[in-house]
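Chemist: A predicted structure for the sequence below; I have some questions about it.
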Amino acid sequence: MQSNATLEYDYTIAKLYMWTAVIFGIVGMTIGVLIASQLAFPDLNYLFGEYGTFSRLRPMHTNVVIYGFTVSGIFSTFYYVSQRVLKVSMGESKLLMGLGKLQFGLYLIAATGMVVSLAMGITASKEYAQMEWPLDALIVVIWVIWGVIMFGLIGLRREKTLYISLWYYIATFLGVAMLYLFNNAEVPTIFFSGGLGAWYHSVSMYAGTNDALVQWWWGHNAVAFVFTVPIIAIIYYFLPKESGQAIYSYKLSLLSFWGLMFVYLWAGGHHLLWSTVPDWMQTMGSVFSVILILPSWGSAINMLLTMKGEWNQLTKNPLVKFMVLASTFYMLSTLEGPIQAVKSVNAIAHFTDWIPGHVHDGVLGWVAFMIFAAIMHMAPRVFKREIYSKSLLESQFWIQTIGVVLYFTSMWIAGITQGMMWRAVDEYGNLVYSFIDTVSVLHPYYALRALGGLLYLIGMFMFAYNFFKTATAGRRLEQEPRYRSPMA
Amino acid sequence: MVTTVEIEQLRIYMYVIGTALAVGIFYYYIIYLYRSEKKGDKDYEKYSNLALDDELDSKILEKNPKIENDKKE
């Protein structure tokens, strides 16, 4: 390795992913607001012909926010955090640097392919796994390269001990690798049909209930290993660093890690309650979902206690505000999920709007808030410039918080109303309501949800502007800030 | 010939034993963490500083023995 006399951390790749996170955030959330509005005002389905229908746009929304915005956020933080906690620069290895650039290039190709193919209606028809086999294969390559870089950096590290965030990044890598391969096991039809059909089409290796099981083993663990595990990696680094406070209990972080790893993998069955999968498996899904509260709250409480004695920072530093509220939303979301996974509650909640309500208090309040805070913490360090506007960040925080609250409260009411109406029977056992009755009743809540989404999107644009101005016009910094990020 | 009922029973036993084992391992891990700190073998809490002192020229907490740390000491 080189001498560190002139050595600096190399943020080239981190920066690239920060930009894609911002761009995909805008794209994914704009589509989200459009489809939320379509549910309230169906005429909006006809804006762009076949390309603008709800069915075409919904998978595009989920895929862009998950694999575009969130994964970019995860990669950007990884390329930033891993160097720092291992005390090794990417610039020390030409191989790792080259692989990093290759990974980003392939990621861009895959992400563009994803958006184009989904816009054209090409889909494998599996939730959160709609991409067809050529893109799946490309993603495996991208993931393997990430693994090589991760373990390459670990191999070069100067610090013997891996900081807890690294544990979570490793778990993200391994968890997604295993689940992705199993769930996307598919047969390209053209090779077995005598050349019939399109070259990009495939069918799943599994059939019926088995397919559903593997699908939700993946589906739920996409939530685990994309929306939870790497975001915990992010908060375990950025909250202590931004606040200058050491983690409240490092031992608790280790315990929560192993608890989460063991329990999360078994919870996916709760997506298939009251379906054709074996009863014991449904019960196992419910039980493990409830136990999941412990490791989840272990991490969240650890984060909140990290601020012990330093709560005044909450009023002074908007980034701490974002992260503390993110922990709180993580607690809310990880309590709500297990409640929905209880079989009797699920009998009402299943297929209703309470489910997207739950998903969104997690992703908007926890995942995206953490990515915003992490990107804004990194920005002054990687661009060597002050954050452009503190007041813009403050306004973004409040506008988006109101947006999230409007989103999940409207969906709670809508979901429970829907569940109760679907089950309502008269004295002869006949259903009291038809489906369209529920749609009419839910209209105001759908409109409220769209409004909540719109507020969140406005906040996203404010963030993008603030980020762009920070990168290009923020006051230049002579020295890297140690803890609190400087902002104008 | 193993009957369906026997498979079902086996599954229940495995489920209970597996869960008990996992709980046991988990509690042992808690005891292990606290005991090794009490005996002075380990100090887990110091690793929190890895996030705070993360400059390339920050003092290295525990040197990676496999890497020659050139001028880092």
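Modeler: Yep, that arrived.
Chemist: contacting residues for residue B:37?
Modeler: Contacts for residue B:37 (CB atoms under 8 Å, 6 or more residues apart in numbering or on different chains) come out as A:251, B:43-44. Just so you know, the C-beta spots here come from the backbone N, C-alpha and C atoms, and that holds for glycine as well.
Chemist: One more pass at 10 Å, please.
Modeler: A:251, B:43-45 (CB atoms under 10 Å, 6 or more residues apart in numbering or on different chains).
Chemist: quick one, strands of chain B?
Modeler: Counting by DSSP state E, chain B forms no strands at all.
Chemist: ranges for the helices of it?
Modeler: B:4-38, B:49-52 (DSSP state H).
Chemist: Could you single out the most deeply buried of those helices?
Modeler: helix B:49-52 (a mean of 21; mean count of other CB atoms under 10 Å in any protein chain shown).
Chemist: From residue A:463, how far out is residue A:18?
Modeler: 12 Å (CB to CB, to the nearest Å).
Chemist: cool, residue A:375 as well?
Modeler: Distance, residue A:375 to residue A:463, by CB to CB: 8 Å.
Chemist: hmm, back to that, adding pLDDT and distance to residue A:451, write the contacts of residue B:37 out as JSON lines.
Modeler: Converted to JSON lines, those look like this (pLDDT from 0 to 100; distance: CB to CB, whole Å):
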{"residue": "A:251", "pLDDT": "94", "distance to residue A:451": "44"}
{"residue": "B:43", "pLDDT": "92", "distance to residue A:451": "51"}
{"residue": "B:44", "pLDDT": "93", "distance to residue A:451": "47"}
{"residue": "B:45", "pLDDT": "94", "distance to residue A:451": "46"}
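Chemist: give me the element the nearest residue to residue A:332 once chain neighbours are set aside is part of.
Modeler: Closest residue to residue A:332 apart from its sequence neighbours, by CB to CB, 6 or more residues apart in numbering or on different chains: residue A:361 at 6.0 Å. Using DSSP states H and E, residue A:361 falls within helix A:354-362.
Chemist: How far off centre is that helix?
Modeler: 12 Å (CA atoms, centre = their mean, to the nearest Å).
Chemist: Show me what that helix is packed up against.
Modeler: Using 3 or more CB pairs under 10 Å, 6 or more residues apart in numbering or on different chains; DSSP states H and E, the elements in contact with helix A:354-362 are helix A:12-40, helix A:318-341, helix A:343-349, helix A:390-423, helix A:435-473.
Chemist: Give me the packing partners of the longest one, helices and strands only.
Modeler: Read it as helix A:435-473. Using 3+ CB pairs under 10 Å, 6+ apart: helix A:435-473 touches helix A:12-40, helix A:354-362, helix A:369-383, helix A:390-423.
Chemist: For the residue nearest the centre of chain A, which residues are in contact?
Modeler: Taking CA atoms, centre = their mean, the centroid of chain A lies closest to residue A:227, which sits 3.7 Å from it. Residues near residue A:227 by CB under 10 Å, 6+ apart: A:66, A:70, A:74, A:221, A:330, A:333, A:359, A:362-363, A:366-367.
Chemist: Residue A:376 now?
Modeler: So residue A:376 contacts A:18, A:238, A:242, A:318-319, A:322, A:387-388, A:393, A:396, A:463, A:466-467, A:470, A:485, A:487 (CB under 10 Å, 6+ apart).
Chemist: In TSV, list the helices and strands packed on helix A:354-362 along with mean neighbour count and mean pLDDT.
Modeler: As requested, these are exported to TSV (neighbours: other CB atoms under 10 Å in any protein chain shown; pLDDT from 0 to 100):
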stretch	mean neighbour count	mean pLDDT
helix A:12-40	22	97
helix A:318-341	22	96
helix A:343-349	16	93
helix A:390-423	20	97
helix A:435-473	18	97
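Chemist: Save those helices as a markdown table, and put in distance to residue A:81 too.
Modeler: As requested, the helices and strands packed on helix A:354-362 are exported to a markdown table (distance: least, CB to CB, whole Å):
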| stretch | distance to residue A:81 |
| --- | --- |
| helix A:12-40 | 9 |
| helix A:318-341 | 14 |
| helix A:343-349 | 36 |
| helix A:390-423 | 21 |
| helix A:435-473 | 18 |
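Chemist: Out of the ones you listed, the one nearest residue A:381 is which?
Modeler: For the helices and strands packed on helix A:354-362, proximity to residue A:381 was assessed by CB to CB; helix A:12-40 is nearest, at 9.4 Å.
Chemist: so the closest one versus helix A:354-362, what angle?
Modeler: Helix A:12-40 and helix A:354-362 are oriented at 150 degrees to each other (axes from the mean of the first three to the mean of the last three CA atoms, to 10 degrees).
Chemist: which parts of the next helix or strand after helix A:12-40 are buried?
Modeler: Using DSSP H and E, the helix or strand that directly follows helix A:12-40 along the chain is helix A:54-63. For helix A:54-63, the neighbour count (16 or more other CB atoms under 10 Å in any protein chain shown) marks A:56-63 as buried.
Chemist: Whether the very next helix or strand once past helix A:54-63 contacts chain B - can you check?
Modeler: Next in sequence after helix A:54-63, counting helices and strands by DSSP H and E, comes helix A:71-86. Yes: using CB under 10 Å from any CB of the partner chain, helix A:71-86 reaches chain B at A:81, A:83-86.
Chemist: next structured bit after helix A:71-86?
Modeler: helix A:94-119.
Chemist: Packing partners of the first helix or strand past that next one going along the chain?
Modeler: Scanning forward in sequence from helix A:94-119 by DSSP H and E, the next helix or strand is helix A:133-156. In this structure, helix A:133-156 packs against helix A:71-86, helix A:94-119, helix A:164-183, strand A:186-188, strand A:202-204, with contacts taken as 3+ CB pairs under 10 Å, 6+ apart.
Chemist: Flag the shaky bits of chain B, pLDDT-wise.
Modeler: Applying pLDDT under 70 to chain B flags the ranges B:68-73.
Chemist: Swap in 50 and give it another go.
Modeler: For chain B, residues meeting the criterion pLDDT under 50 lie at B:71-73.
Chemist: Residue A:397 touches residue A:369, doesn't it?
Modeler: Yes: assessed by CB atoms under 10 Å, residue A:397 is found in contact with residue A:369 at 8.4 Å.
Chemist: Work out the gap between stretch A:11-20 and the centre of the chain.
Modeler: Relative to its chain's centre, stretch A:11-20 lies at 18 Å (CA atoms, centre = their mean).
Chemist: okay, that stretch in PDB with CA atoms only?
Modeler: The C-alpha coordinates for stretch A:11-20 follow below in PDB (Å, rounded to 0.1, in the frame of the first residue of the first chain):
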ATOM      1  CA  TYR A  11     -15.100   9.400  -3.300                       C
ATOM      2  CA  THR A  12     -15.400   9.100  -7.100                       C
ATOM      3  CA  ILE A  13     -17.800   6.200  -7.000                       C
ATOM      4  CA  ALA A  14     -19.700   7.500  -3.900                       C
ATOM      5  CA  LYS A  15     -20.400  10.700  -5.700                       C
ATOM      6  CA  LEU A  16     -21.700   9.000  -8.900                       C
ATOM      7  CA  TYR A  17     -24.200   7.000  -6.800                       C
ATOM      8  CA  MET A  18     -25.300  10.200  -4.900                       C
ATOM      9  CA  TRP A  19     -26.300  11.700  -8.200                       C
ATOM     10  CA  THR A  20     -28.200   8.600  -9.400                       C
END
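Chemist: My reading is that residue A:296 is in a helix; is that accurate?
Modeler: Yes: counting by DSSP: H, G, I helix; E, B strand; the rest coil, residue A:296 is part of a helix.
Chemist: Ignoring the adjacent residues along the chain, who's closest to it?
Modeler: Going by CB to CB, 6+ apart, residue A:296 has residue A:334 as its nearest residue, at 3.7 Å.
Chemist: Contact partners for the one you found?
Modeler: Applying CB under 10 Å, 6+ apart, we find residue A:334 in contact with A:228, A:289, A:292-297, A:299-300, A:362, A:366.
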